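Novice: I would like the atomic coordinates for the input below:
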Amino acid sequence: LLIGIGIQALAEYNLQKSETDGNILSVEYKRDRIPGNLGFDPLGLGKGPGSNIKGLHNTEVNAGRLAMIGITSFLFKEFVVKDPSWGRIP
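Specialist: So this is what the prediction gives:
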């Protein structure tokens, strides 16, 4: 996990280092840049005819939201409801 976060941070640093304003802490927003898009597309889903980068991005965001709802409901059940029958094996 830490290696993945380090790779992400290094890729963002390299993108910001290539900017021409001389300030590494500022971000120049470009129309063709999508936040989080670091060019990693091993399956080539974002290239070629019929590719829909915006649709893929929205699908990924919605899947992340669904995962957050799922883990929140699990934690609510585990720590707030405290159902004694939850952990019993029949």
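Novice: Tell me how many other residues surround residue 82.
Specialist: 8 (other CB atoms under 10 Å). (Each C-beta comes from the backbone N, C-alpha and C, glycine too.)
Novice: Please list all residues in contact with it.
Specialist: Residue 82 makes no contacts at all, as judged by CB atoms under 8 Å, 6 or more residues apart in numbering.
Novice: so what's it scoring on pLDDT?
Specialist: With respect to pLDDT, residue 82 has a value of 72.
Novice: With residue 76 instead?
Specialist: 88.
Novice: List phi and psi for it.
Specialist: Note on residue 76: its backbone torsions stand at phi -60, psi -50 [degrees, to the nearest 10].
Novice: From residue 58, how far out is residue 14?
Specialist: Applying CB to CB, to the nearest Å, the value for residue 14 to residue 58 is 26 Å.
Novice: show me where this protein has helices.
Specialist: 2-17, 53-76 (DSSP state H).
Novice: Could you export the shortest one as CSV, CA atoms only?
Specialist: These are the backbone C-alpha positions of helix 2-17, laid out as CSV (Å, rounded to 0.1, in the frame of the first residue of the first chain):
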residue,chain,number,x,y,z
LEU,A,2,2.8,2.4,0.9
ILE,A,3,4.6,1.6,-2.3
GLY,A,4,1.5,2.4,-4.3
ILE,A,5,1.0,5.7,-2.5
GLY,A,6,4.7,6.5,-3.1
ILE,A,7,4.4,5.8,-6.8
GLN,A,8,1.3,8.0,-7.1
ALA,A,9,3.0,10.8,-5.2
LEU,A,10,6.1,10.5,-7.4
ALA,A,11,4.0,10.6,-10.6
GLU,A,12,2.1,13.7,-9.4
TYR,A,13,5.4,15.3,-8.5
ASN,A,14,6.8,14.7,-11.9
LEU,A,15,3.7,16.2,-13.5
GLN,A,16,4.0,19.3,-11.4
LYS,A,17,7.8,19.5,-11.9
